[in-house]
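Undergrad: no letters, just coordinates:
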């Protein structure tokens, strides 16, 4: 896994977690992922007195042709 483990941290510290997906993702899988992440963010990390998960950024990348199987 490219990421996924978080550690205890102090105020004003930050951590970045990266998940790497390879291959086709269906619309249904994407919707399930997006809903799960939104629910996780809302339920787990944004409880009072303050939220600690401030954003989720996802950016898709095309695999260069040289690395794709014909």
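TA: Happy to help now that I have it. Here the structure is a predicted model, which means the values were calculated and not measured. Numbers count the residues shown, from 1 in each chain.

Undergrad: quick one: low-confidence parts of the chain?
TA: For the chain, the stretches flagged by pLDDT under 70 are 1-4, 46-60.

Undergrad: any idea how far residue 30 is from residue 41?
TA: 16 Å (C-beta to C-beta, to the nearest Å). All C-beta atoms are positioned from the backbone trio N, CA, C, and that covers glycine.

Undergrad: neighbour count winner among those two?
TA: Per other C-beta atoms under 10 Å, whichever of residue 30 and residue 41 has more neighbours is residue 41, with 15 against 12.

Undergrad: give the helix, strand or coil label for that one.
TA: helix (DSSP: H, G, I helix; E, B strand; the rest coil).

Undergrad: now do the buried residues in the helix or strand where residue 37 lies.
TA: Element membership for residue 37 (DSSP states H and E) is helix 27-40. Residues of helix 27-40 include none that count as buried (16 or more other C-beta atoms under 10 Å).

Undergrad: in terms of secondary structure, what does it contact?
TA: For helix 27-40, there is no helix or strand it packs on, judged by 3 or more C-beta pairs under 8 Å, 6 or more residues apart in numbering; DSSP states H and E.

Undergrad: begin at 191 from now on, thanks
TA: Renumbered: residue one is now 191, and that last one reads helix 217-230.

Undergrad: any idea how far it is from the chain center?
TA: 10 Å (C-alpha atoms, centre = their mean, to the nearest Å).

Undergrad: before we move on, what about stretch 213-230?
TA: Taking mean C-alpha positions (C-alpha atoms, centre = their mean), stretch 213-230 and its chain are 10 Å apart.
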